[in-house]
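Peer 1: pasted the sequence and its predicted model underneath.
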Amino acid sequence: MDFFHLSKHQAVEENILVSSKIIYELLKSSMHIDELFLEYAHSRNLILSLNIERILYLSLAFLYSVNKVEITNNMVRRA
């Protein structure tokens, strides 16, 4: 599965770039990873599942790799 391209066969939540944008917008202040994931699920009206959490971890890794977030002791904040 290609997480960087959208097609009609994929949900928007399966795209890393879209999920990263939403996560970055939710980070107004420093948040715990679990708290951030719950806020994401609440904002998108989703129920957290293993697949969605996997996408969110990949999105966090992407944001970290482009130096948009800093992660310290499970706390995430904008860089």
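Peer 2: In hand now; what should we look at?
Peer 1: tell me the pLDDT at the residue minimising distance to the centre of the chain?
Peer 2: For the chain, the residue nearest the mean C-alpha position is residue 56 (3.7 Å; Cα atoms, centre = their mean). pLDDT for residue 56: 93.
Peer 1: which residues touch residue 76?
Peer 2: Shown in contact with residue 76 (Cβ atoms under 8 Å, 6 or more residues apart in numbering): 27, 30, 31, 32, 33, 36, 60, 69, 70. The C-beta positions use only the backbone N, C-alpha and C, and glycine is treated the same way.
Peer 1: and the residues you listed as JSON lines, adding neighbour count and distance to residue 16?
Peer 2: Formatted as JSON lines, the contacts of residue 76 follow (neighbours: other Cβ atoms under 10 Å; distance: Cβ to Cβ, whole Å):
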{"residue": "27", "neighbour count": "17", "distance to residue 16": "16"}
{"residue": "30", "neighbour count": "13", "distance to residue 16": "23"}
{"residue": "31", "neighbour count": "18", "distance to residue 16": "19"}
{"residue": "32", "neighbour count": "12", "distance to residue 16": "21"}
{"residue": "33", "neighbour count": "15", "distance to residue 16": "17"}
{"residue": "36", "neighbour count": "20", "distance to residue 16": "16"}
{"residue": "60", "neighbour count": "22", "distance to residue 16": "10"}
{"residue": "69", "neighbour count": "21", "distance to residue 16": "14"}
{"residue": "70", "neighbour count": "13", "distance to residue 16": "19"}
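Peer 1: now distance to residue 46, secondary structure and pLDDT too, for the residues you listed, in JSON lines please.
Peer 2: As requested, the contacts of residue 76 are arranged in JSON lines below (distance: Cβ to Cβ, whole Å; DSSP: H, G, I helix; E, B strand; the rest coil; pLDDT from 0 to 100):
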{"residue": "27", "distance to residue 46": "18", "secondary structure": "coil", "pLDDT": "93"}
{"residue": "30", "distance to residue 46": "23", "secondary structure": "coil", "pLDDT": "93"}
{"residue": "31", "distance to residue 46": "17", "secondary structure": "strand", "pLDDT": "93"}
{"residue": "32", "distance to residue 46": "19", "secondary structure": "strand", "pLDDT": "94"}
{"residue": "33", "distance to residue 46": "16", "secondary structure": "helix", "pLDDT": "93"}
{"residue": "36", "distance to residue 46": "14", "secondary structure": "helix", "pLDDT": "94"}
{"residue": "60", "distance to residue 46": "16", "secondary structure": "helix", "pLDDT": "94"}
{"residue": "69", "distance to residue 46": "21", "secondary structure": "strand", "pLDDT": "94"}
{"residue": "70", "distance to residue 46": "26", "secondary structure": "strand", "pLDDT": "93"}
